[in-house]
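Trainee: quick one, fold the following:
(one chain, ligands or ions: 2)
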Amino acid sequence: MRRPPQELWETDVLTFRKMRNLLPKYVFKSLENTIKQRTKLDVSLAPIIATAMKDWAISKGASFYAHIFYPLTNITAEKHDGFLSVESDGSAITEFTGKALVQGEPDASSFANGGIRSTFEARGYTAWDVTSPAYVLETDNGVTLYIPTVFISWTGEALDKKMPLLRSNAAMSKAATRLLKLLGHSEVATVNSSCGAEQEYFLVDEHLAQMRPDILQTGRTLFGRPAAKGQQFDDHYFGAIPERVQILTQDIEERMYRLGILLKTRHNEVAPGQFEIAPFHEEANVASDHQQMIMTILKSTAKKHGFMCLLHEKPFSGINGSGKHVNWSVSNATQGNLLDPGDNPHQNLQFLLFCGAVIRGVHKYGRLLRAVVATAGNDHRLGANEAPPAIISVYLGKQLEDVFNQIKQGEVTSSAPAGVMSWDVPTLPEFPKDPGDRNRTSPFAFTGNRFEFRAVGSNQSVSGPLVALNTILTDSLTWVADKLEADLAKGIELDTAVYAVLRQIMDLHGNVIFGGDGYSEEWQTIAVKERGLLNLTTTADALPILKEQDIQELFETTGVLTASELKSRFHAYAEQYIEVIKMEADLVISMAKTMISPAASRHLSEVSATIMNLKQIGIELEQENAERVASLTNQMMDTVKNLGNALNEHNFTTIEEHMQYCAKTLRPMMDQVRKYADDIEGEVAHDLWPLPKYQEMLFIK
Ligand code: ADP
Ligand code: MG
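Mentor: Ligands and ions are numbered 1, 2, ... in the order given. As a prediction, this is how the structure comes out:
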């Protein structure tokens, strides 16, 4: 019997409520202040909190604890230490000191740091993030207490994905509070950003995946001819979930409930073998930690059930890739969701200003949004007709687009009514219709009470995108507040001043709003030629944005990243991009040489022997297949040779140049090798083919 979800809920999390029962009142109060009002943590109380945490963890079966942190590689890192300690008389006790809770010291030299310090200054610290709850995780290796932490260098620079997220939240809260006060609110609680991330993934039978060196090493298929059945029948999306997958999904859900991750939806995705899960949204920092857990749990649970979970953005060519839609909004306890338009958005000044601030931010810093989703994996997705284009525009929906256009024209009179869904079948219930349709082709869409950033890669940490969103919003809110403040000081009425700012936003930045088909070729031309938007199709084009002067200023003025932190990020990500492509190219060469070419040779020797034998008894066999396989194999091996030579090129003056070389020289050659190989696959005897094929991997039953 499965336990009902409400019984599993948060059993493995040391929640705020549990802390209340475990801690003396004055300690809890102090902690509560830190969590809710974002005051400084009183370190003198750490020993008491640490002991309570340890006792709780031991009661859950834990014997180790780990500071968990999020280095620049999109992965999760952890260092485990035991609670057990031995007294001078030899007796064993368990111990968890305040210092061990608050601060850890993993060796920082083995993590990507983009050159922020050299390895001889390897000291790095992890520091307890009180605002994300600790939890225990059960694996085959036992139970461990996990403590979310930030990871910083000895010089105090952020080496991770959490620190900037915390800073961006704090900056955004400050700017939002200032604006809310200008709008007349006297009581304004801390503002926080929220995130609900929809995660797409593929499931492949573990046995088949194990036979594919490309999947094992790069997470995607470097070769593979599309199966006859792709997604042309549109029959997988929302289709019945296969039973094997259902059993796995139940297990995943139970694990997530225990960890306090509220899964809301689960369904099949568009491509065969592709699925999606989405947790309910929560505050961005916790959501980001949970997102990392989701990725880990998906992979480890899939393995237990005989699957391999692929989080790569494009595991299979010819069918859809996987993304992560980051739903994002900002809210607080006193004013609620600041991106909620209500029924009459045209009169909702507060909403219009926050929404306008987002529009300005996306226009002014759209290229930053592009840069934070730039990875080797995501390059396969963005701009291909399945995912949003690499051009960053904003979709507002009919009603809001109309309101903002009225503002631009100078007179705001109405919000188009939402309307009612009614039918000519009387037994069906009527319900209110959403004021805007969805537009799946937009990379950044307003969806009722939040924005949905759809260009994020499935394998990525959501932190980078959230940091960018919070930071550009901070910048825009500050700009808006400056204007309003100046106008109000001149004695201008609030309403008039607000509409004036909004009109200015529309004049300067309205170009970024686009409600049409983002997949169309027409848009690519209009966006660039008429609207002046950028179309950065590769990571090599997009990452250098991080080095631009105004991006550096954006991060510095908001206090989210120093110039050297930003620079180190650029370097770390650029290196990752280059390393991924080099590794893939290497594997393309070795698979072509040691798997595909030998299969073609065997096929050829069989066919040629048959042709000769038949000839002896007077039968002519068509030679076309043999000629084709031979010619394709020769062409493939020529390209492999060229790719090998190209890989040996080391003469680059800048890392930017090296990235461009990967994008413009290596990648096309890899694609060319693949093209030949996939054509060979279509000609060679099935039983001689050394790799599991798409048709075998994609149709889980
Ligand atoms: P879609 O229709 O795009 O597939 P889903 O229903 O799968 O959307 O997921 C929507 C996600 O958006 C969920 O994670 C949900 O919790 C989240 N969400 C809803 N409201 C907000 C909000 N105000 N702020 C942030 N995220 C939100
Ligand atoms: Mg979505």
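Trainee: any idea whether the residue in the stretch 551-700 of the chain positioned nearest to ligand 1 is helix, strand or coil?
Mentor: Residue of the stretch 551-700 of the chain nearest ligand 1, by CB to the nearest ligand atom: residue 560 (20.3 Å). Quick note: C-beta positions are derived from backbone N, CA and C, even for glycine. Residue 560 falls in the coil class when you classify it by DSSP: H, G, I helix; E, B strand; the rest coil.
Trainee: pretty sure it sits against residue 471.
Mentor: Yes. Using CB atoms under 8 Å, residue 560 makes contact with residue 471 at a distance of 5.0 Å.
Trainee: contact partners of stretch 248-264?
Mentor: Contact with stretch 248-264 is made by 2-3, 5, 8-13, 15, 133, 135, 137, 196, 203, 241, 266, 275, 277-280, 282, 290, 293-294, 297-298, 301-302, 304-305, 307, as judged by CB atoms under 8 Å, 6 or more residues apart in numbering.
Trainee: I'd like the next helix or strand past the host helix or strand of residue 254.
Mentor: Following DSSP states H and E, one finds residue 254 within helix 243-258. The helix or strand immediately downstream of helix 243-258 is strand 263-268, counting by DSSP H and E.
Trainee: export that following strand to PDB, keeping only CA atoms.
Mentor: C-alpha atoms of strand 263-268 as PDB (Å, rounded to 0.1, in the frame of the first residue of the first chain):
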ATOM      1  CA  LEU A 263       4.800  18.300  -7.600                       C
ATOM      2  CA  LYS A 264       1.900  19.700  -9.400                       C
ATOM      3  CA  THR A 265       1.800  18.300 -12.900                       C
ATOM      4  CA  ARG A 266       3.200  15.400 -14.700                       C
ATOM      5  CA  HIS A 267       2.600  14.500 -18.400                       C
ATOM      6  CA  ASN A 268       4.000  13.200 -21.500                       C
END
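Trainee: mean confidence for that strand?
Mentor: The average pLDDT for strand 263-268 rounds to 77.
Trainee: got the confidence number for residue 152?
Mentor: pLDDT, residue 152: 90.
Trainee: contact partners for the residue of the stretch 151-300 of the chain found nearest ligand 2?
Mentor: Nearest to ligand 2 in the stretch 151-300 of the chain, going by CB to the ion, is residue 198, at a distance of 4.9 Å. Residue 198 makes contact with 265, 276, 277, 278, 324, 325, 327, according to CB under 8 Å, 6+ apart.
Trainee: can you pull out the helices in the stretch 501-650 of the chain?
Mentor: 521-525, 539-542, 549-558, 563-591, 597-616, 624-647 (DSSP state H, counting those that start in this stretch).
Trainee: buried residues in the fifth one?
Mentor: Of the residues in helix 597-616, 597, 599, 600, 603, 604, 607, 611 count as buried by neighbour count, 16 or more other CB atoms under 10 Å.
Trainee: for the fifth one, give its distance to residue 129.
Mentor: Counting by CB to CB, to the nearest Å, the gap from residue 604 to residue 129 is 61 Å.
Trainee: next one: the fourth one
Mentor: When distance is defined by CB to CB, residue 603 is 58 Å away from residue 129.
Trainee: how about the first one?
Mentor: In this structure, residue 597 lies at 52 Å from residue 129, with CB to CB as the measure.
Trainee: cool, and the last one?
Mentor: In this structure, residue 611 and residue 129 are separated by 70 Å, where distance is defined by CB to CB.
Trainee: one more: the second one?
Mentor: When CB to CB is the yardstick, residue 599 and residue 129 sit 52 Å from each other.
Trainee: repeat for residue 566
Mentor: Residue 566 is 21 Å from residue 129, by CB to CB.
Trainee: is it true that the residue of the stretch 151-300 of the chain closest to ligand 2 lies in a strand?
Mentor: Yes. Residue 198 forms part of a strand when assessed by three-state DSSP.
Trainee: which ones are touching the residue of the chain found nearest ligand 2?
Mentor: Going by CB to the ion, ligand 2 is nearest to residue 325 of the chain, at 3.7 Å. By CB under 8 Å, 6+ apart, the residues touching residue 325 are 197, 198, 278, 452, 453, 454, 456.
Trainee: first to last residue in stretch 363-379, what's the distance?
Mentor: This stretch, stretch 363-379, spans 22 Å end to end (CA to CA, to the nearest Å).
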